[in-house]
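> Sequence and predicted structure, then a few things I'm wondering about:
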Amino acid sequence: MRGSGGSSVTARTGLAAGLAAGAGVCYCVYRATSRRRGRQGGAGAGAKRGDVRPGQEEHRAAAPTLLQKVSAMPVISSPGRKGPENLRQEDVDLPKSSHDLEAHHIQNLVRLLDSTKDPTIQEQALITLSNSAAFSANQDIIRNLGGLIVVGKMLSVPDTKVKEKALNALNNLSMNIKNQEEMKIYITIVCEETDSSPLNSELQLAGLRFLTNMSVTNEYHHMMTSFIPCFLQMLSEGNERTQVQVLKVLVNLSANPAMTEHLLNAQAPFLLSLFDTCINKEVLLRVLVFATNLTKLTQKDKSITVHHHNEGSIFSVLWGNTTECAQKLTSLLYHHDTEVKEQVAELIMQRC
């Protein structure tokens, strides 16, 4: 992942100038240009689903200027020609807090993001949009202003940090049913990006968080079916952070009866190795819930058990060698954590 350096940049586009709606300028852009100058001078029911938590990033106040002292808003002074064909950084004014953003602030920010080609400005604008999207009212405003498409376009830029921040923004925006309807077009793109990203990278985790939100309901599960082997590979090879996040997606999928056969046929010979007291509690709990969901749905549909399942598949791991699985579960009944023991007990009861 890389940052962007260079001198002060003017975003060029055919947008009307004079958009400043008060004394202030985009605070996030000030930070971006300040950092670059600094671098130049120096070196479902009965089944459980995963949880959804929006990401937040902290903003810090910029150095005060005369106009800031007067208006109590951060500002930036940027050279360049101001005319109808140029939307400049200084033409976008934002309050200090994302909570105080109004519709015209968001509109200006979306226009800036749509017009600039500078990765650092794109990154900081996306952070501000992501923070503002943590508030439900802003989620609707951003959609109505066409912001979903503008943010979605950032997934195709080459800069890794910009993609990551775009996914964080989409993650917050996806906690809105109407937004999800428009954002479903990004599911395949995000699945591919998540699969191709470096293992355990922030970009991969951002993609998994978005997919977690988009899989909370059954509506879009079918769009993730072909990526189940990718998710299981991340579960097998990833660190604990990645395992927890990918398990949130898998738990959501396992709560959908339509996904049961796809999951049971998937290869996961390593799965029982996660049924161990040495495994991180957050990972262990989720893999137990995943197995419990599949067990419940298998008990409801007895036809699943007569299907042929390949060796190493999730079905053969959980039911092919019942002795090994039973021994693993019995051992976990003595786990020091009560929540783990309760989940193990539920799984054992479902298997009886």
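Sure thing, it's come through. Everything numeric here is computed off the predicted structure, so don't read it as measured data. Residues are numbered from 1 along each chain as shown.

> Could you use CA atoms for every contact and neighbour count after this?
Fine.

> Could you list the low-pLDDT ranges of the stretch 151-300 of the chain?
Counting by pLDDT under 70, the stretch 151-300 of the chain shows no low-confidence range.

> hey, where'd the helices end up in it?
With helices called from DSSP state H, counting those that start in this stretch, the stretch 151-300 of the chain shows them at 160-173, 177-183, 187-196, 202-214, 228-237, 240-254, 260-265, 281-300.

> is it possible to export those helices to CSV including distance to Val110 and mean neighbour count?
Converted to CSV, the helices of the stretch 151-300 of the chain look like this (distance: least, Cα to Cα, whole Å; neighbours: other Cα atoms under 10 Å):
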stretch, distance to Val110, mean neighbour count
helix 160-173, 12, 26
helix 177-183, 16, 15
helix 187-196, 21, 18
helix 202-214, 20, 25
helix 228-237, 33, 19
helix 240-254, 29, 25
helix 260-265, 40, 19
helix 281-300, 37, 21
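
> can you tell me which of the ones you listed comes nearest to Gly320?
helix 260-265 (11.7 Å; Cα to Cα).

> hmm, who's touching that closest one?
Outside helix 260-265, the residues that touch it by Cα atoms under 8 Å, 6 or more residues apart in numbering are Thr225, Ile228, Ser254, Leu294, Leu297, Thr298, Ile304, His309, Asn310, Ser313, Ile314, Phe315.

> Next one: the third one from Lys341, what distance?
Separation of Ser254 from Lys341 (Cα to Cα, to the nearest Å) stands at 21 Å.

> and which of the contacts of helix 260-265 is nearest to Thr194?
Distance to Thr194 across those (Cα to Cα) is lowest for Ile228, with 12.1 Å.

> I figured that closest one hits Ala266, correct?
Yes - counting by Cα atoms under 8 Å, Ile228 does reach Ala266; the two are 7.2 Å apart.

> Distance of Ile348 relative to Val287?
Noted for Ile348: a distance of 14 Å to Val287, by Cα to Cα.

> pLDDT score for Ile121?
With respect to pLDDT, Ile121 scores 95.

> got the angle between the helix or strand harbouring it and helix 160-173?
If you go by DSSP states H and E, Ile121 is part of helix 119-132. In terms of direction (axes from the mean of the first three to the mean of the last three Cα atoms, to 10 degrees), helix 119-132 departs from helix 160-173 by 20 degrees.

> May I have whichever helix or strand comes after helix 119-132 as CSV, with CA atoms only?
Sequence-wise, the next helix or strand downstream of helix 119-132 (DSSP H and E) is helix 136-144. C-alpha atoms of helix 136-144 as CSV (Å, rounded to 0.1, in the frame of the first residue of the first chain):
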residue,chain,number,x,y,z
SER,A,136,-28.4,6.7,9.1
ALA,A,137,-29.8,10.0,7.8
ASN,A,138,-26.6,10.6,5.9
GLN,A,139,-26.8,7.2,4.3
ASP,A,140,-30.0,8.2,2.6
ILE,A,141,-28.6,11.6,1.6
ILE,A,142,-25.4,10.1,0.0
ARG,A,143,-27.6,7.7,-2.0
ASN,A,144,-30.0,10.4,-3.2
